[in-house]
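Undergrad: Give the three-dimensional model of this entry:
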Amino acid sequence: MYPVKEIDVAELQSLLGDIQGVKLIDVRNPTEASRGAIPGAQNLPLHTLPIHADGLPGDETVVFYCQSGGRSAQACAFMASRGFDNVKNLRGGILAWVRSGLLVA
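TA: All right, here's what the predicted structure looks like:
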């Protein structure tokens, strides 16, 4: 199994404000994502990741999130198995984001 690198909400906020940028991927299904998403995120349901993986940037940080962190950890492990070492999981998912008082789009 490939280790999953995790970040918390504060670290994600820092990355989102960084000049280098970050690709934020919401791996929830479209119905879940329609209830609210982190601003700037792209919805890419977990089951579609294998067909879209090669289109993700290899030269910038990619942060995956879901409802609570389980599916996004699977996404990180899958991408790591394909040689991506710049992927991170948002610990606690969008629930942690909302609990921190941050807005969703």
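Undergrad: got the CA positions of the helix or strand hosting residue 80 in PDB?
TA: Using DSSP states H and E, residue 80 sits within helix 70-81. Output of helix 70-81 as PDB, limited to C-alpha atoms (Å, rounded to 0.1, in the frame of the first residue of the first chain):
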ATOM      1  CA  GLY A  70     -11.800   8.200   3.200                       C
ATOM      2  CA  ARG A  71     -12.500   8.300  -0.500                       C
ATOM      3  CA  SER A  72      -9.900  11.000  -1.100                       C
ATOM      4  CA  ALA A  73      -7.300   8.900   0.700                       C
ATOM      5  CA  GLN A  74      -8.100   6.100  -1.800                       C
ATOM      6  CA  ALA A  75      -7.600   8.700  -4.600                       C
ATOM      7  CA  CYS A  76      -4.200   9.600  -3.200                       C
ATOM      8  CA  ALA A  77      -3.100   6.000  -2.900                       C
ATOM      9  CA  PHE A  78      -4.200   5.300  -6.500                       C
ATOM     10  CA  MET A  79      -2.300   8.300  -7.800                       C
ATOM     11  CA  ALA A  80       0.800   7.400  -5.700                       C
ATOM     12  CA  SER A  81       0.600   3.900  -7.300                       C
END
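Undergrad: Quick one: distance of it to the chain centre.
TA: Relative to its chain's centre, helix 70-81 lies at 9 Å (C-alpha atoms, centre = their mean, to the nearest Å).
Undergrad: what does stretch 83-91 give?
TA: Distance, centroid of stretch 83-91 to centroid of chain: 8 Å (C-alpha atoms, centre = their mean).
Undergrad: Now that stretch: average pLDDT?
TA: The average pLDDT within stretch 83-91 is 94.
Undergrad: Now do that stretch: everything it contacts.
TA: Stretch 83-91 is contacted from outside by 4-9, 12, 56, 58-65, 69, 72-73, 75-76, 79-80, 96-97, using C-beta atoms under 8 Å, 6 or more residues apart in numbering. The C-beta positions use only the backbone N, C-alpha and C, and glycine is treated the same way.
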